[in-house]
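>>> predicted model and sequence below, questions to follow.
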Amino acid sequence: MKKSFLSGVFLLTLTVLGAAQQTNPVGEGYGSWYDEGSGFFASHANLPFGTELVVTNINNGKQVTVQVGGRIPQDQRWILDISPAAADAIEMNDMGFTRVRVDQVVKAPVAAKALRTTSVRDFHQNGRAVILSSGVDLTAGHPSLSMGRQVQITNRANGQKVVATVKNRVRASRDRIVEISRATAQVLGARGTYIDVQVDSIDK
């Protein structure tokens, strides 16, 4: 079975394609599935993270809509890796790969008025958090978010959430997107040294 080479692990939403969507073709090639993680994933060589794709099993015409959340090496034959759930939805064969067509979903522009009047989170990131051995306040360290910025951190394993304040800067790493205090980890119901999280900044 061909394994994906993820640069980060991103929780994704997968839906069986229903109503017609406007799409742009990306290409055709072999799609494979990997048995890592419990969420819904899709990995591509260069499409931006968060890009929505319609994946069609050429053999049976079944489709799913996924979002890009990881990377695979550039390869002319292998166009995409998808999660087991996505593979099941399009009935990918037991060999772990099949020929697929990939189309990018075209998003309708968001009205400027809605952006001005609606509170939004302007930063979204998924990956691994390092749990510090100390810290009694609900704090976090991040490579780029400004000091004092509040973030909502979600434990992707159990769905528990907490709002923490960015208090220090940490070096960016492919193995860690954020550091969290012991108090923050406890609210999230996390133990050990690492936890898979979703981080959303809160726009006040």
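Sure, I can see it.

>>> so how far is Asp196 from Asp175?
Between Asp175 and Asp196 the distance is 12 Å, computed by CB to CB, to the nearest Å. For every residue, glycine as well, the C-beta is placed using N, CA and C.

>>> for the protein, which spans come out with low pLDDT?
Using pLDDT under 70 as the threshold, the predicted model of the chain has low-confidence ranges 1-21, 35-40, 108-122, 172, 174, 203-204.

>>> all strands for it, in order.
15-16, 23-33, 42-44, 52-57, 63-67, 70-71, 78-82, 97-105, 124-131, 139-142, 150-155, 161-169, 178-180, 194-201 (DSSP state E).

>>> contacts for the last one next, please.
Taking contacts as CB atoms under 8 Å, 6 or more residues apart in numbering, the residues outside strand 194-201 that touch it are 9, 11, 121-131, 140, 142, 145, 149-157, 177-178, 180, 185, 188.

>>> ok, that strand: who's next to it in the sheet?
strand 124-131 (antiparallel), strand 150-155 (antiparallel) (DSSP bridges).

>>> tilt between that strand and strand 161-169?
Between the axis of strand 194-201 and that of strand 161-169 there is an angle of 90 degrees, by axes from the mean of the first three to the mean of the last three CA atoms, to 10 degrees.

>>> same thing with the longest one?
Orientation of strand 23-33 against strand 161-169 (the same axes, to 10 degrees) gives an angle of 90 degrees.

>>> residues of strand 23-33 that come out buried?
Of the residues in strand 23-33, those buried by neighbour count under the rule 16 or more other CB atoms under 10 Å are 23, 26, 29-33.
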